[in-house]
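Asker: Below are the sequence and a predicted model for it; my questions follow.
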There are 2 protein chains.
Amino acid sequence: MSDFSNIEACPVRNVLDRLSDKWTMLVILVLGESKEMRFNEIHKRIGDISEKMLTVSLRKLEADGLISREVYPVIPPKVEYKLTALGQELLPLIDTITQWADRHMQQILQNRQQYNA
Amino acid sequence: MSDFSNIEACPVRNVLDRLSDKWTMLVILVLGESKEMRFNEIHKRIGDISEKMLTVSLRKLEADGLISREVYPVIPPKVEYKLTALGQELLPLIDTITQWADRHMQQILQNRQQYNA
DNA sequence: CAGGATCCCCTCTGATACTG
DNA sequence: CAGTATCAGAGGGGATCCTG
């Protein structure tokens, strides 16, 4: 049993803190759909993420070694992002949650509605 | 392939938005450790969550039907929280991520350090 | 095309005090 | 014990403009 209260040393807290922001898990999911993707592809795929937050999210994932970023020195610029081996390992775990979401969304929406009534 | 850009209708976005806050997944994990838990038990187990945020997190989870809340009409008050069947279904999925975290935390910390150097 | 740099808002979060 | 109410602050996040 992990010591959740030890924030610095607890791997669970440490990793969960990273994943638990508005966009990270979604970006991983999107990157999992193709071998590699360019900045604007990811941007369009998500739709309502700002360029700033996409950049921030990608940089954090890169820093953690979950994605790689390859810059091609061409004009116009071309940058490709893809999951690293580490990131690919995480992908199915998040994907399992999305499948659960698909199965139970209706029930959850119904629960919420009932709760607020 | 889900339409991630349709925020309202997309189950993935909808559920991920709920899970992606600072405390929710952690609360689910903690509740998964016992059959049921009282407010202050959860509070101590996590350590650095404020009472307010714990309350908010618990209420949201209750609204979604992932946990149940039973109030005993005694003095001093007693309230027990536990995962519902729906919540129990989600537990192992999150737990798998924590196991991944345990395995790769050292590597990730090392990646971060290297990235910032 | 892929962002970097700014500005700014407002939501999320915490601290504190209070209560049935 | 298990919260609620209120206030205040930080920073997450968006909009806009700019550039190699």
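Answerer: Nice, I can see it.
Asker: Using the three-state scheme, assign the spatially most central residue of chain A.
Answerer: Of all residues in chain A, the one closest to the mean position by CA atoms, centre = their mean is A:Met25, 2.3 Å from it. Counting by DSSP: H, G, I helix; E, B strand; the rest coil, the backbone at A:Met25 sits in helix.
Asker: go on, the one 3 residues further on?
Answerer: In terms of secondary structure, A:Ile28 is helix; the call rests on three-state DSSP.
Asker: if we can go back for a sec, thought A:Leu19 was touching the residue nearest to the centre of chain A, still the case?
Answerer: Yes - using CB atoms under 8 Å, A:Met25 is in contact with A:Leu19, at 5.6 Å. For the C-beta atoms, the positions are set from N, CA and C on the backbone; glycine is no exception.
Asker: Quickly list what's touching both of these two.
Answerer: B:Ser20 (CB atoms under 8 Å, 6 or more residues apart in numbering or on different chains).
Asker: before we move on, the earlier item: how about the residue nearest to the centre of chain A, what does it touch?
Answerer: A:Met25 makes contacts with A:19, A:94, B:16, B:20, as judged by CB under 8 Å, 6+ apart.
Asker: is it true that the third one touches A:Ile28?
Answerer: The one in question is B:Leu16. No - between B:Leu16 and A:Ile28 there is no contact, the gap being 10.5 Å when judged by CB under 8 Å.
Asker: Buried residues, stretch A:33-45. List them.
Answerer: A:37, A:39, A:41-43, A:45 (16 or more other CB atoms under 10 Å in any protein chain shown).
Asker: same question, stretch A:6-19
Answerer: Neighbour-count burial for stretch A:6-19 flags A:10-13, A:15-16, A:18-19 (criterion: 16+ other CB under 10 Å).
Asker: Give me the mean pLDDT for stretch A:62-70.
Answerer: The average pLDDT for stretch A:62-70 rounds to 97.
Asker: anything in that stretch near chain B?
Answerer: Yes - Stretch A:62-70 comes into contact with chain B (CB under 8 Å from any CB of the partner chain), by way of A:62-65.
Asker: all helices of chain A, in order?
Answerer: Counting by DSSP state H, chain A has helices at residues A:11-19, A:24-31, A:39-46, A:51-63, A:85-115.
Asker: how about those helices, which one is nearest A:Val71?
Answerer: Smallest distance to A:Val71 across the helices of chain A (CB to CB): 10.7 Å, for helix A:39-46.
Asker: Keeping just the C-alphas, turn the closest one into CSV.
Answerer: The C-alpha coordinates for helix A:39-46 follow below in CSV (Å, rounded to 0.1, in the frame of the first residue of the first chain):
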residue,chain,number,x,y,z
PHE,A,39,1.4,19.9,-34.4
ASN,A,40,-1.6,21.1,-36.4
GLU,A,41,-2.9,17.6,-36.9
ILE,A,42,-3.1,17.1,-33.2
HIS,A,43,-4.6,20.6,-32.8
LYS,A,44,-7.4,19.9,-35.2
ARG,A,45,-8.0,16.4,-33.8
ILE,A,46,-8.7,17.8,-30.4
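Asker: Identify all contacting residues around stretch A:88-106.
Answerer: A:25, A:28-29, A:32, A:66, A:83, B:2, B:11-12, B:14-16, B:19, B:86, B:89-90, B:93-94, B:96-97, B:100, B:104.
Asker: All set, thanks.
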